Each structure stands twice: as structure tokens, then as C-alpha cells.
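Undergrad: quick one, what's the 3D model for this:
(chains A and B)
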Amino acid sequence: DTEVTQTPKHLVMGMTNKKSLKCEQHMGHRAMYWYKQKAKKPPELMFVYSYEKLSINESVPSRFSPECPNSSLLNLHLHALQPEDSALYLCASSPPSNTEAFFGQGTRLTVV
Amino acid sequence: DQQVKQNSPSLSVQEGRISILNCDYTNSMFDYFLWYKKYPAEGPTFLISISSIKDKNEDGRFTVFLNKSAKHLSLHIVPSQPGDSAVYFCAASDSGYSTLTFGKGTMLLVSP
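TA: Reported below is the predicted structural model:
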């Protein structure tokens, strides 16, 4: 299994909603990441988890709350988002000794 | 300030010819470089990488060249195929984890 699976593929939410994005990998990777990609822009790093612990938070607003319940799962909890948060949210994973990240297909989020 | 730059937003090449995608970087701490290919509505797919201790890495039709003194790398695709049409992102890392900094991407169109 060489896949990173993200659900849902598409999500539309209101500004008062609470929702969660999910990411799963079964490659034994111990580093997992959330990236955000706006239209016609490169992916931008949001969070890095290493061995289930948050190691990097790129000054992301608290309305985005990551969670790593175990070594295979990564969640991104969303609350009180703004329309400008609409983007493609990408999850990635990598082995600790290798910098090649494998990306999921992303969740296309629209905040209305 | 963009640390990874892809100055060509798009490139058109005929099938069978060589495609050359360029990337420049400013951060001398970057020690690992990657190329990703991305189709619309999908996550980036890893193509090829190169460590700063090398100046060339080859994988089938794909070759990456690194010129450290010029802080420049390039991806050569030969022969180009219509299925290569996609957005190509150059990415760089300065740590043991895949905290990648991406360029803005170059859209490659290979025509039959």
C-alpha cells in the first residue's frame, strides 16, 4: 500500500460549522504533514507531526486544529473558518530518514 | 520572499522533444531538491529528487541537474509524451523532514 488517503474529497461548510478532514497512510511513515494550496499557488506547509507529536506549526490560526491519534492517522479539525480559508488541503507522509513526501489527493474545501 | 522560484509559468513542447523545466533557489541551507507532478484536482506526485552532494540524478526519461554554485536546478524530460502534460513543482528542503518549500509551478503542455 503506497497511498495516502484523504477524506472527504470535497467539503462545503458554513462559517459557524465544525468539520474534520481525515488522512490515513499504511506505509509505516512516522512523519505526517498538512499543506494548504490556494488556486494557482504552490502548496504551503501548515503542520508537521513526527512520531505522533506536533513538531512544526507554521503560525497557523487556531481555527485549524491538527490531531494525530496514531501513527497511521492525521486529522485536521476546522471551526469558525473564513471564506478565504477555501483551498485544497493536502496531507502527506514520509519516512523519517527520507525527505520524499507522498501526498494524498487532497480535500477541496469551500467555506461559504 | 520566494525562496524557490520557477520563473516560467508555462512551457509548450512537441511530443518526442526534450522538455526542460528550470528552478532557482535562494536559501543556501537547502540540501535536498525534489520535482513533483500535479494534475488538476489531485495531490502532487513525486517524480525525482537530488541531494546537494550530487549534480545529476536520472530515472528513466527524467533527469534532474543541480548547479549548487548557481543555486539552480533543472528537470529534463526526454522524450516528452502527451501524458507528461501537467503542472510541475520544484521543491526544496533544509531539514531531515519533508518540510518542503515549493515553487509556483510550471505548466507543461506536450502536444502530439
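Undergrad: show me which residues of chain A are close to chain B?
TA: A:4, A:6, A:31, A:33, A:40-45, A:48, A:50, A:55-56, A:90, A:92, A:94, A:96-97, A:99-106, A:108 (Cβ under 8 Å from any Cβ of the partner chain). The C-beta positions use only the backbone N, C-alpha and C, and glycine is treated the same way.
Undergrad: check the residues you listed for burial and list the buried ones.
TA: Buried residues within the residues of chain A next to chain B, counting neighbours by 16 or more other Cβ atoms under 10 Å in any protein chain shown: A:4, A:6, A:31, A:33, A:42-45, A:48, A:50, A:90, A:92, A:94, A:99-106, A:108.
Undergrad: residue 64 bridge partners, please.
TA: Using chain A. residue A:78 (DSSP bridges).
Undergrad: oops, wrong one, chain B.
TA: Assessed by DSSP bridges, residue B:64 has beta-bridge partners residue B:57, residue B:75.
Undergrad: doesn't residue B:36 make contact with it?
TA: No: Residue B:64 is not in contact with residue B:36 according to Cβ atoms under 8 Å; the separation is 11.8 Å.
Undergrad: inside strands: which ones of the buried ones among the residues of chain A next to chain B?
TA: Those of those mapping onto strands are A:4, A:6, A:31, A:33, A:44-45, A:48, A:50, A:90, A:92, A:94, A:102-103, A:108, per DSSP state E.
Undergrad: in chain A, where is pLDDT below threshold?
TA: For chain A, the stretches with pLDDT under 70 are A:1-2, A:97-98.
Undergrad: how many neighbours does residue B:28 have?
TA: Residue B:28: 10 surrounding residues under other Cβ atoms under 10 Å in any protein chain shown.
Undergrad: cheers, nothing more for now.
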